[in-house]
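**Student:** what follows is a predicted protein model with its sequence.
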Amino acid sequence: MADVALSEDLASRAEKVRRSGRRDSTFHGLTASAAIVVVAIFIGLIVSLVLGALPSINRFGWGFLTSDAWDPVQERFGALASIYGTLVTSLIAMLIAVPVGIGIAIFLTEICPRPLRRPIGIAIELLAGIPSIIYGIWGLFTFAPAFQQTVEPWVIDVFGNVPGLKDFLGGAPYGIGIFTAGLILSIMILPFISAVTRDVFETVPPMLKEAAYGLGCTTWEVMWRVVLPFARTGVVGGAMLALGRALGETMAVTFVIGNAHNIQKSLFAPGTTISATIANEFTEAVGQYYLSALIEMGLILFFITFVVLACAQLMLRSLERRAGT
Amino acid sequence: MIANRGLYRRRRAGNAMFLSLSVLAAIFGLVWLALILGSLFYNGFASLSPKLFQEMTPPPGSDGGLLNAIFGSVLMSAIAVAIGTPIGLMAGTYLAEYGRHNSMSFFVRFINDILLSAPSIVIGLFIYEIVVVNTPGMQAACRSALGSYCPMGHFSGVAGSLALAVIVIPVVVRTTENMLLLVPNGLREAAAALGAPRNRVIRAVTWKAARAGIITGALLAIARISGETAPLLFTALNSQFWSRDITQPIASLPVVIFQFAMSPYEDWHKLAWAGALLITAAVLLLSIAARILESNKRS
């Protein structure tokens, strides 16, 4: 009798252990499949864009990348004007945001009085929290008119007749245009650069800085010759991350770029970017090739941002490994 | 000596110049923030009225509110979070608990960080391609399963929610993984030593220890999607009327702001500013809540 009870007890225990083992592997499987969902989204994204772009790829070939034609009526499309706008607005944004972002990081780590560091840091990060459509509506209604009436006429007056600069800074003051879009992008990506830079600055061993100060270096010399070279990879990685954001940004740009499918030398002229073209024209696009051309532009944009973001990831990862050891 | 003194003076002057430049950089950033928020509050409060929450979006040239757009935004964000958070939580758990060092996790982490900063308009195109467009095979399968409730083959609130969910997932994955990595291993080992199976250790111990951080991640994800416009433009489209049917096109605040701001009508501009103020207020409140949760956890 006792033996039977014991073996029953053992059997039910073994069953319990088996069940808990099964539950364990189910949970493991569930989490692993959720991780696979992330990869599946990525692959699905690429496949669906390529499939959607096929009609356009077959019809226009590589010429799509080098043509600035945009004629929905005759169904002739080229992405060059949009690619140009995307690259130039991002370039302007980087030219402004990188030095300013590094400056803010230096201010926050070296100069700012301690009690003010947190509030000012939070305020700068707030710029990253503001949705891009807010930048867009502000740029369109507040910034562009003010810019058109004050800065632009002055710049055009001063530089509009200087040979060499005439082409880039001349023309009519529209308010909206390539430069305005680049400037607003630079404000949007500023917090990304300053946040990453500040974090990397804080990983610089204090001994290095103290040694440089001990040799009689000024604060600036310590930052420029010791801290920045040490933090170079991180700063470049952060800047690339910000560049990835700038390239793909849609709403802030769409409001203020002017949507003109041509390449003009003047920075104050209206233009367009890949994302702005898609946002403006997608719902109104009729015909297979029009839609497909817009999807192909999305594919090009994804490809460009993928390369930039992948470089940023690899640089920041290598940094993490170094910090980990 | 005299040459030296010149050198010192130059170096000191250079130092002073570059330090003041970096102060200027900080002022530059703060001035833009003040200008944007100032102009937003000025214009937004001027157009704020109870009508916003009582009436639908108006036709051009007349007065109205934003009720249908507010409802659409809340509805789609809620569905997106309901879909995206569990997937992100599980995937983040895998990365931090099961596959912390294996090569698949390295790959998933890489892809996830790319998706985290991928252009949101491309995510809109992706959902358009798989949900909105008429893919005959998939649509037939969906029709036979769901009948007239099938959301595929046309613009719909479901498509908009899915696009937002694709944005939510990477945010939640990243924060979940980071927060779980902060949980000390001693806790896991103590639970395992008591005989708890691994899934029990994760659910009852590590998740609980990281709860505040995980909720912070979800809040940040909501903040992120509440201002997203680009992925909704050609998935959820827009609607002028009150609609609770998520298989049909539905209005959302960001899309309405975009449409109204780009229009030539003064009434619509005012509503766009009011909508912009509502979104910013929501995002700021969510970020403050997330920050408070985070600092509570630290102390």
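**Tutor:** Arrived safely. Numbers count the residues shown, from 1 in each chain, chains lettered A, B, ... in the order given.
**Student:** show me where chain B dips below the pLDDT cut-off.
**Tutor:** B:1-3, B:134-138, B:148, B:297-299 (pLDDT under 70).
**Student:** burial count for the closest residue to chain A within the stretch 151-299 of chain B?
**Tutor:** When scored by Cβ to the nearest Cβ, the stretch 151-299 of chain B has B:Gly227 as its residue closest to chain A, at 2.2 Å. C-beta coordinates here come from the backbone N, C-alpha and C atoms, glycine included. Look at B:Gly227: counted by other Cβ atoms under 10 Å in any protein chain shown, it has 23 neighbours.
**Student:** now it: closest residue in space that isn't a chain neighbour?
**Tutor:** A:Pro131 (2.2 Å; Cβ to Cβ, 6 or more residues apart in numbering or on different chains).
**Student:** and that neighbour, how far from A:Asp68?
**Tutor:** Taking Cβ to Cβ, to the nearest Å as the measure, A:Pro131 falls 32 Å from A:Asp68.
**Student:** got the confidence number for the residue nearest to B:Gly227?
**Tutor:** On pLDDT, A:Pro131 comes in at 92.
**Student:** hmm, B:Ser226 and it touching each other?
**Tutor:** Yes - shown here, A:Pro131 and B:Ser226 form a contact pair, counting by Cβ atoms under 8 Å, at 7.2 Å.
**Student:** quick check: neighbours shared by those two?
**Tutor:** B:279, B:283 (Cβ atoms under 8 Å, 6 or more residues apart in numbering or on different chains).
**Student:** now do the helices in the stretch 51-200 of chain A.
**Tutor:** For the stretch 51-200 of chain A, the helices defined by DSSP state H, counting those that start in this stretch occupy A:63-66, A:80-106, A:114-129, A:132-138, A:144-149, A:151-159, A:166-169, A:178-203.
**Student:** which one of those helices lies closest to B:Leu146?
**Tutor:** Nearest to B:Leu146, of all these, is helix A:132-138, at 32.8 Å by Cβ to Cβ.
**Student:** can you confirm whether that closest one lies near chain B?
**Tutor:** Yes - residues of helix A:132-138 are located near chain B by Cβ under 8 Å from any Cβ of the partner chain, namely A:132-138.
**Student:** what's the closest of the residues you listed to A:Ala53?
**Tutor:** A:Ser132 (25.0 Å).
**Student:** low-scoring stretches of the stretch 201-325 of chain A, by residue?
**Tutor:** A:322-325.
**Student:** how does it look with 80?
**Tutor:** A:319-325 (pLDDT under 80).
**Student:** show the contacting residues for whichever residue of it sits closest to chain B.
**Tutor:** For the stretch 201-325 of chain A and chain B, the shortest gap (Cβ to the nearest Cβ) falls at A:Gly248, measuring 2.6 Å. If you count contacts by Cβ under 8 Å, 6+ apart, A:Gly248 has them with A:275, A:301, A:305, B:117-122.
**Student:** any idea how far B:Gly147 is from the residue of the stretch 151-299 of chain B closest to chain A?
**Tutor:** The gap separating B:Gly227 from B:Gly147 is 35 Å, by Cβ to Cβ.
**Student:** which one of the residues of helix A:132-138 next to chain B sits closest to A:Leu316?
**Tutor:** A:Ser132 (23.1 Å).
**Student:** can I assume B:Gln240 is in contact with B:Ser62?
**Tutor:** No - if you go by Cβ under 8 Å, B:Gln240 and B:Ser62 don't touch, sitting 11.8 Å apart.
**Student:** and the two? Which one has more around it.
**Tutor:** Taking other Cβ under 10 Å, B:Gln240 and B:Ser62 do not tie; B:Gln240 has more neighbours (16 against 9).
**Student:** give the helix, strand or coil label for the more buried one.
**Tutor:** Under the three-state scheme (DSSP: H, G, I helix; E, B strand; the rest coil), B:Gln240 adopts coil.
**Student:** Provide the backbone phi and psi angles at it.
**Tutor:** Taking degrees, to the nearest 10, you get phi -90, psi -10 for the backbone angles of B:Gln240.
**Student:** tell me which of A:Pro131 and A:Asp68 has more neighbours.
**Tutor:** Under the criterion of other Cβ under 10 Å, the comparison of A:Pro131 against A:Asp68 puts A:Pro131 first, with 25 against 15.
**Student:** how about the helices in the stretch 151-299 of chain B?
**Tutor:** For the stretch 151-299 of chain B, the helices defined by DSSP H, counting those that start in this stretch cover B:157-182, B:185-193, B:198-200, B:207-209, B:211-226, B:230-233, B:253-261, B:266-298.
**Student:** tell me which residues of the first one are tucked away?
**Tutor:** Within helix B:157-182, the residues that count as buried by 16 or more other Cβ atoms under 10 Å in any protein chain shown are B:157-180.
**Student:** does chain A have contacts with it?
**Tutor:** Yes - using Cβ under 8 Å from any Cβ, helix B:157-182 comes into contact with chain A via B:166, B:169-170, B:173.
**Student:** quick check: angle from that helix to helix B:211-226?
**Tutor:** Helix B:157-182 runs at 150 degrees relative to helix B:211-226, counting by axes from the mean of the first three to the mean of the last three Cα atoms, to 10 degrees.
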